[in-house]
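> Structure for this input, please:
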Amino acid sequence: MQSFYIMSLVAVLAATLVACGDRSEPLACLAEADIGQTMDIVGGQFTFGDNRYYAEEGPAGIIAVADFNIDRTEVTNRQFGAFIKATGYVTAAERGLPEKDFPNVPPEFRVPGSMVFVSPDPDNLGAPASWWQFVPGANWQHPLGPGSSIEGKGAFPVVHLIHADAKAYAEWMGRRLPTEAEWEYASRGGLDGATYSWGQESPHQGESKANTWQGHFPYTNFKDDGFVGSSPVGCFPKNGYGLYDMTGNVWEWTDTAYGPDHKRDYGDRGYDPQQPGIEVKTLKGGSFLCSDNYCQRFRPAARQAQDITLGSSHIGFRTAK
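Residues are numbered from 1 along each chain as shown. Reported below is the predicted structural model:
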């Protein structure tokens, strides 16, 4: 019965969310040889945060970051696969959660699996939390669950990784996860104070500038940018620092603990009023699910809290040094 449920859910997911993208015409994305490159970023002062949108983005203030190096793209399935092959590492979604470490997590959520977005029926939207389903068997190799695959999708961003998984890859590379400040500075591409990574024009004005949701989230995506789900890295214009997909495609882990504002330090575990008692890190960049009518988090200053033990179909990462 459980296997029938899983396969039925995968069929629904395949019909409602094309996780590998969907274009009818050829698209010039980043060449394979350019994936894996990094960029040296000269540090400096910039306006960190924004007072114009969500409360957690403020108060905006001038801060400084030192020189650093960051990946030009999100880490891909092919890159992460090389790490797995070399080390034998097994991700959290493949292992499941041990009862001794997570005694308060219901047994059905401790089995191997991860969170997948399922577009709701327009006539029965339900609560936003219901748009996400824990799918047993969903992981970085099977992004929609059993029966799905990343075959032929080596250039797509790897997803379904918890914070520790991303950190393990970074350390294997002799690198680390970026801080929130570094990530935001890099995303701005030298355009201090601009609303978006490319300036003031919205993502949907003129030619598509990033992989985001066009239409009425969460049920209608017009895919004006050519994709319903994630896209290969580097399919949209790079920013002023030569970095790709700093807007949309997938959210990205940082190594900064999340707090509901920039007013004070919330400690190593962070704090999210909606998830009290949970250790949370800061996600940046938005994803293919961000839209004009819903989250509007496709801006450098935008941020989101994420439970460090929970991955999903729209969270990836890049590394820094």
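
> For the stretch 1-150 of the chain, which residues score under the pLDDT cut-off?
1-27 (pLDDT under 70).

> those strands in it, which residues are they?
Using DSSP state E, counting those that start in this stretch, the strands of the stretch 1-150 of the chain run over 38-41, 44-48, 61-65, 68-71, 113-117, 132-136.

> Which of the helices or strands spans residue 272?
Using DSSP states H and E, residue 272 sits in no helix or strand.

> hang on, isn't it packed against residue 278?
Yes. The pair residue 272 / residue 278 is scored as a contact, 6.7 Å apart, by Cβ atoms under 8 Å. Every C-beta, even on glycine, is put in place using the N, C-alpha and C of the backbone.

> Settle it for me: which of these two has more neighbours?
For the pair residue 272 and residue 278, the greater number of neighbours falls to residue 272 (21 against 17), based on other Cβ atoms under 10 Å.

> wait, what's in contact with the closest residue to the more buried one other than its chain neighbours?
Spatially, and ignoring its direct neighbours in sequence, residue 272 is nearest to residue 305 (3.8 Å; Cβ to Cβ, 6 or more residues apart in numbering). By Cβ atoms under 8 Å, 6 or more residues apart in numbering, the residues touching residue 305 are 258, 270, 272, 274-275, 280-283.

> Just the buried residues out of these, in PyMOL syntax.
To isolate the buried members of the contacts of residue 305 in PyMOL, using 16 or more other Cβ atoms under 10 Å:
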select buried, resi 258+270+272+280+281+282+283
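
> For the residue nearest the centre of the chain, grab phi and psi.
Nearest to the mean C-alpha position of the chain, by Cα atoms, centre = their mean, lies residue 251 at 1.9 Å. With angles defined as degrees, to the nearest 10, residue 251 sits at phi -60, psi 160.

> okay, now the residue lying closest to residue 81 once chain neighbours are set aside: neighbour count?
Counting by Cβ to Cβ, 6+ apart, the nearest residue to residue 81 once its immediate chain neighbours are dropped is residue 154, at 7.4 Å. Applying other Cβ under 10 Å, we find 16 residues neighbouring residue 154.

> Can you redo the strands of the stretch 1-150 of the chain as a markdown table, where the extra columns are distance to residue 212?
Putting the strands of the stretch 1-150 of the chain into a markdown table (distance: least, Cβ to Cβ, whole Å) gives the following:
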| stretch | distance to residue 212 |
| --- | --- |
| strand 38-41 | 23 |
| strand 44-48 | 23 |
| strand 61-65 | 26 |
| strand 68-71 | 21 |
| strand 113-117 | 14 |
| strand 132-136 | 18 |
